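Novice: quick one, what's the 3D model for this:
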Amino acid sequence: MTTHRYSVTPHPIETLLIWVKSGEIAIPEIQRPFVWEAAKVRNLLDSLYRGYPVGYLIAWRNPTVKLKDGTHSAGKRILIDGQQRMTALMAALLGREVLTKDYETVRIRIAFQPREECFEVANPAIEKNAAWIYDVAEMFSPSASMFKIVGDYCSKNKGVSLDGIFHSMEKLCNIVNNHVGVIELAEDLDIETVTEIFIRVNSAGTELSQADFAMSKIAVNESFGGNMLRKAIDYFCHMAVAPEFCSCIEKGDPDFAKSEFLPLMRWLKDVNDDIYDPTYTDMLRVAFTSEFGRGKLQDLVALLSGRNFATKQYEIAIAEESFGKLKRGMLAFISKTHFERITMILRSAGFVTSDLIGGQNAVNFAYILYLRGRAEGVPAADLERLVRRWYAMSILRGRYTSSPETAFDLDIRQIEARGLVPYAEVVIEAEMPESFWSGMLPQLMDTSSGKSPYFLAYQAAQAKLGDKGFLSRDIAVLDLLLNRCDVHHVYPKKYLKTQGLSRGRYNQIANFVLAQNEINIAIGDKAPDKYFGELANQCAGGKKKYGGIIDITKMRENLEMNCIPESMLDGVITDYDTFLQERRKLMALKTKKWFEAL
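Specialist: Model (predicted):
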């Protein structure tokens, strides 16, 4: 016989609203932006008015926890699906204010036309039109009198049917008696099962991540400051992308403005650096892994619930301790000193723009290493070098691409057991043997993805090593990257297309160089033997056609910087495939030289 791990119970909307107001059901997203457009709120009311189904709500009960005095306290329900619908109902029917995506507090007013039995988002024209009830929330006020509202309406709208208007108004007021199914999940279900149920029930198919569950646990906890911590995480992410948002927080959320968090985040308002714009998932990963020595966010969810991994019971003391540790991790994350240092380390390795940052998880673990190293007192110069090399290793070897949580967990546990510096150095040496540079990397560079980590690392290498742009006398690759340069095809794209090559063939990264726009335009679709012949002529006193280099030695140096076989200047133009093979080897050697200089 199958044991049900959930219950499905229909509840009147009125009951659900009472539960939310009393805190029996917690809406974890209530402090985050209400993302529905007002028109969707109108459509929801219209569906309820017509008796249409509006989907299930999914609640997951927090586990019962053991209090410090030995007694037990039942956990409240957390609404994990249906947050926007419940917020919409509270806004429209109870007149509650909501936060917009710009964190402004607004009232969403839905108007009702009882003769036509239709709803509309309230606007100034409707407010002046006596045929409309401007704000349906006034009908759900405890002090509202149906007879007075209907009487007033009929006095302003001569000739309407009193019975008809009364019927429409009564039908509207009765929508709070409509039943909505609530799926309540058992408190002992694991996150994977809860996620699976969510995906199967949610018709939109939106997947909840473990970070979403963790954020829900944080947001609904007021005992240990979770609700304020949740805001700090959200606001930091928002300010990192839009620094001007600081003034919106100061105006719109005075309680947060007075908290300890905003003064520590205010530095972001003067920053326009987008090398690392973390999401709340990134912040959780870094703060949790660096502070707790664990890599799986499901463990954070359990710890915030008070899980004792030894006894498998839930204890309030563990929840309190976990919130304290998470807060410490977050304060370390948002520290101006720490955040500026990690971005400086990335930039000092040649990753000078956000376009060169491939996977965010590699940055996240680099930040974890930095914070752990700071805590362990590793000398600053040694720590910066270690973090640079670890980040480069992790992107070149794809360490955090397929199963980042597993890799995070493995690495942090090994760091805990063996020490940060010894472990990191052993891993880097093992992952980057000589055979990687000479054999594996040239093969990995057989790709047409301009976003491949190998091409990103190669560009960072050129920036770090001070290389000049292709055929440029004075303009450095660093300047080209900072000014969003052209990626030029050494064997021009149109030239290769006329030979019948596909996009995946002519867009090989080994055919790419970073060049000034005017040099790229001047070369156009000329065959390599033609324009390399003209380059040789340019260095022998002939017409200057491409860039400003007229000295043959300087030209050879430029080709070497850009990993172009120098023999091409001597008229040795190989077939395209041979050129690609030779250039991949040169690019791999350039990347190795860079890695050794980090």
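Novice: please count neighbours and contacts with C-alpha atoms only from this point.
Specialist: OK.
Novice: what's the burial count for residue 390?
Specialist: 22 (other Cα atoms under 10 Å).
Novice: residues contacting it?
Specialist: 366, 424, 428 (Cα atoms under 8 Å, 6 or more residues apart in numbering).
Novice: reformat these as CSV; add pLDDT and distance to residue 592.
Specialist: Shown next, in CSV, are the contacts of residue 390 (pLDDT from 0 to 100; distance: Cα to Cα, whole Å):
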residue, pLDDT, distance to residue 592
366, 98, 20
424, 97, 18
428, 97, 13
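Novice: and residue 287, how far is that from residue 309?
Specialist: Plainly put, residue 287 is 20 Å away from residue 309 if you go by Cα to Cα, to the nearest Å.
Novice: look at those two and report which has more neighbours.
Specialist: Neighbours were counted for residue 287 and for residue 309 using other Cα under 10 Å; residue 287 has more, 25 against 11.
Novice: and residue 234, how far is that from residue 327?
Specialist: Residue 234 sits 14 Å away from residue 327, going by Cα to Cα.
Novice: can you check residue 94 too?
Specialist: 34 Å.
Novice: more neighbours, these two?
Specialist: Neighbours were tallied for residue 94 and for residue 327 using other Cα under 10 Å; the higher tally belongs to residue 327 (20 against 17).
Novice: in what helix or strand does the more buried one lie?
Specialist: Residue 327 is part of helix 316-334, with elements assigned from DSSP states H and E.
Novice: any idea how far apart the tips of stretch 136-156 sit?
Specialist: Distance between the two ends of stretch 136-156: 17 Å, counting by Cα to Cα.
Novice: buried sites along that stretch?
Specialist: By 16 or more other Cα atoms under 10 Å, the buried positions in stretch 136-156 come out as 136-140, 150, 153-154.
Novice: stretch 338-345 too?
Specialist: Across stretch 338-345, burial judged by 16+ other Cα under 10 Å covers 338-339, 342-345.
Novice: including distance to residue 484, could those go into JSON lines?
Specialist: Converted to JSON lines, the buried residues of stretch 338-345 look like this (distance: Cα to Cα, whole Å):
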{"residue": "338", "distance to residue 484": "28"}
{"residue": "339", "distance to residue 484": "25"}
{"residue": "342", "distance to residue 484": "23"}
{"residue": "343", "distance to residue 484": "19"}
{"residue": "344", "distance to residue 484": "20"}
{"residue": "345", "distance to residue 484": "21"}
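Novice: show me the residues you listed that map onto helices.
Specialist: In this view, those that belong to helices under DSSP state H are 338-339, 342-345.
Novice: export these to a markdown table and tack on pLDDT and distance to residue 351?
Specialist: A markdown table is the format used below for these (pLDDT from 0 to 100; distance: Cα to Cα, whole Å):
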| residue | pLDDT | distance to residue 351 |
| --- | --- | --- |
| 338 | 97 | 18 |
| 339 | 97 | 16 |
| 342 | 97 | 12 |
| 343 | 96 | 9 |
| 344 | 96 | 9 |
| 345 | 97 | 9 |
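Novice: list just the nearest of the residues you listed to residue 353.
Specialist: residue 343 (10.2 Å; Cα to Cα).
Novice: show me the contacts for the closest one.
Specialist: Taking Cα under 8 Å, 6+ apart as the test, what residue 343 contacts is 275-276.
Novice: now do it against residue 349, distance only.
Specialist: 10 Å.
Novice: over to residue 252?
Specialist: Taking Cα to Cα as the measure, residue 252 falls 40 Å from residue 349.
Novice: and for residue 552?
Specialist: Using Cα to Cα, residue 552 is found at 31 Å from residue 349.
Novice: so for the two, which sits in the more crowded spot?
Specialist: Per other Cα under 10 Å, whichever of residue 552 and residue 349 has more neighbours is residue 349, with 26 against 16.
Novice: my read: the more buried one touches residue 460, true?
Specialist: Yes - between residue 349 and residue 460 there is a contact at 6.8 Å, judged by Cα atoms under 8 Å.
Novice: where does pLDDT dip in the stretch 101-250 of the chain?
Specialist: 101-103, 191-192, 195, 198-208 (pLDDT under 70).
Novice: at 90 instead, please
Specialist: 101-106, 141-144, 147, 158-160, 183-223, 227, 238, 241-250 (pLDDT under 90).
Novice: one step back: looking at the buried residues of stretch 136-156, spot the one nearest residue 259.
Specialist: Nearest to residue 259 out of the buried residues of stretch 136-156 is residue 137 (Cα to Cα; 33.0 Å).
Novice: the nearest residue to that closest one once chain neighbours are set aside: which element?
Specialist: Spatially, and ignoring its direct neighbours in sequence, residue 137 is nearest to residue 93 (4.5 Å; Cα to Cα, 6 or more residues apart in numbering). Take DSSP H and E as the rule and residue 93 turns out to sit in helix 83-94.
Novice: picking that back up, considering the ones in helices among the buried residues of stretch 338-345, which is situated nearest to residue 211?
Specialist: residue 339 (21.1 Å).
Novice: where along the stretch 401-550 of the chain do the strands fall?
Specialist: Along the stretch 401-550 of the chain, the segments classed as strands by DSSP state E, counting those that start in this stretch run 486-489, 512-515.
Novice: which elements pack onto the last one?
Specialist: Identification of packing neighbours for strand 512-515 by 3 or more Cα pairs under 8 Å, 6 or more residues apart in numbering; DSSP states H and E yields helix 477-482, strand 486-489.
Novice: out of the ones you listed, nearest to residue 561?
Specialist: Here helix 477-482 is closest among those (Cα to Cα), at 10.2 Å.
Novice: pick out the residue closest to the middle of the protein.
Specialist: residue 279 (3.7 Å; Cα atoms, centre = their mean).
Novice: for it, which non-adjacent residue is spatially closest?
Specialist: Once flanking residues are discounted, residue 279 sits nearest to residue 237: 5.7 Å by Cα to Cα, 6+ apart.
Novice: next, count neighbours for that neighbour.
Specialist: 20.
Novice: likewise the one 5 residues further on?
Specialist: Residue 242 has 15 neighbours, counted by other Cα under 10 Å.
Novice: and for residue 84?
Specialist: 17.
Novice: distance check, it against residue 217.
Specialist: From residue 84 to residue 217 the distance is 17 Å (Cα to Cα).
Novice: any idea which helix or strand carries residue 577?
Specialist: With secondary structure defined by DSSP H and E, residue 577 is part of helix 576-597.
Novice: contacts for that helix next, please.
Specialist: Defining contact as Cα under 8 Å, 6+ apart, one finds that helix 576-597 is touched by 389, 392, 437-438, 441-443, 445-446, 457-458, 461, 464-465, 491, 510-511, 563-565.
Novice: in it, what's buried?
Specialist: By 16+ other Cα under 10 Å, the buried positions in helix 576-597 come out as 579-580, 582-592, 594-595.
Novice: and the furthest pair within the residues you listed?
Specialist: Across the buried residues of helix 576-597 (Cα to Cα), the longest gap, 24.3 Å, separates 579 and 595.
Novice: between the helix or strand residue 211 falls within and helix 316-334, how many degrees?
Specialist: Counting by DSSP H and E, the element that carries residue 211 is helix 210-219. Helix 210-219 runs at 110 degrees relative to helix 316-334, counting by axes from the mean of the first three to the mean of the last three Cα atoms, to 10 degrees.
Novice: show me what helix 210-219 is packed up against.
Specialist: For helix 210-219, the elements it packs on are strand 77-81, helix 226-241, helix 280-292, helix 297-304, judged by 3+ Cα pairs under 8 Å, 6+ apart.
Novice: what's in contact with it?
Specialist: With Cα under 8 Å, 6+ apart, helix 210-219 has contacts from 28-29, 31, 78, 80, 191, 226-230, 280-281, 284, 297-298, 300-301, 304-305.
Novice: stretch 442-459 now?
Specialist: Here stretch 442-459 makes contact (Cα under 8 Å, 6+ apart) with 350-351, 356-358, 392, 395-396, 441, 477, 504-510, 581, 584-585, 587-588, 590-591.
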